[in-house]
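Novice: the following block contains a protein sequence and its predicted model.
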Amino acid sequence: MKLLVGLTAAILTFAAFAATPYRTEGMVLLQPDFVLKERVTSIESLAGYVKAVQSSAGEALSDTTPTPASGYLVLAVRPGGQSMVWLDFNPALPEPVAARLRTAILAVPAFEARNGVVVFALKSSLWGAPPAKGFPDPPEWSKAMEGRDEPMEIGDLVDKVWPGRTGT
């Protein structure tokens, strides 16, 4: 029985190592099209930012212990090149892995936003986990919404959980 358990663990460990550390399954736009058109100065620069985030995420996870999970990288970019990321994965990532991933993503230079924050999410799979279901809901956002009965505009929610400079 111990041999079977050990063999199963070895196979699962190998499969996890063989899987790609980071894969984007899709993009979720968290603001209406008219808001994004007003705030994104260049589709090409947004696309370049997304590609750089994907690359950075893959590199950050490439030599860590595989922790299969699926969920979202929720990204926000403010005018002036400020960016933020929230992780919404199931199961939650071990804190050292989450911290490494956050640090790598925040090191990516942001695209230029104007007239307010741009918010979107990358639906993500780590080490071959099945794609996430549902809508992005980072723990920090859920906590900020506790006790509220009415919805909050996404830009206002982001400003609440990410205080600091806002505006144009």
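Specialist: Perfect, thanks for sending it. Numbers count the residues shown, from 1 in each chain.

Novice: ok, and the spatially most central residue of the chain, which helix or strand is that part of?
Specialist: Taking C-alpha atoms, centre = their mean, the centroid of the chain lies closest to residue 73, which sits 0.7 Å from it. Using DSSP states H and E, residue 73 sits in strand 69-78.

Novice: what lines up beside that strand in the sheet?
Specialist: Using DSSP bridges, strand 69-78 pairs in its sheet with strand 82-90 (antiparallel), strand 118-126 (antiparallel).

Novice: low-confidence regions, the protein specifically.
Specialist: Across the chain, the ranges flagged by pLDDT under 70 are 1-19, 165-168.

Novice: again, only using 90
Specialist: Within the chain, the segments meeting pLDDT under 90 span 1-20, 147-152, 163-168.

Novice: out of the strands paired with strand 69-78, which is closest to residue 38?
Specialist: Distance to residue 38, taken as C-beta to C-beta, is lowest for strand 118-126 among these, at 9.6 Å. Yep, even glycine has a C-beta here, placed from its N, CA and C like the rest.

Novice: quick one: buried residues of the closest one?
Specialist: Buried residues in strand 118-126, defined by neighbour count with 16 or more other C-beta atoms under 10 Å: 118, 119, 120, 121, 122, 123, 124, 125, 126.

Novice: tell me the SS of the closest residue to residue 87 other than its chain neighbours?
Specialist: Sequence neighbours aside, residue 98 is the residue nearest to residue 87 in space, at 5.5 Å (criterion: C-beta to C-beta, 6 or more residues apart in numbering). Under DSSP: H, G, I helix; E, B strand; the rest coil, the three-state class of residue 98 is helix.

Novice: ok, residue 98 touching residue 88?
Specialist: No: counting by C-beta atoms under 8 Å, residue 98 sits too far from residue 88 to count as a contact (10.8 Å).

Novice: this completes my enquiry, with thanks.
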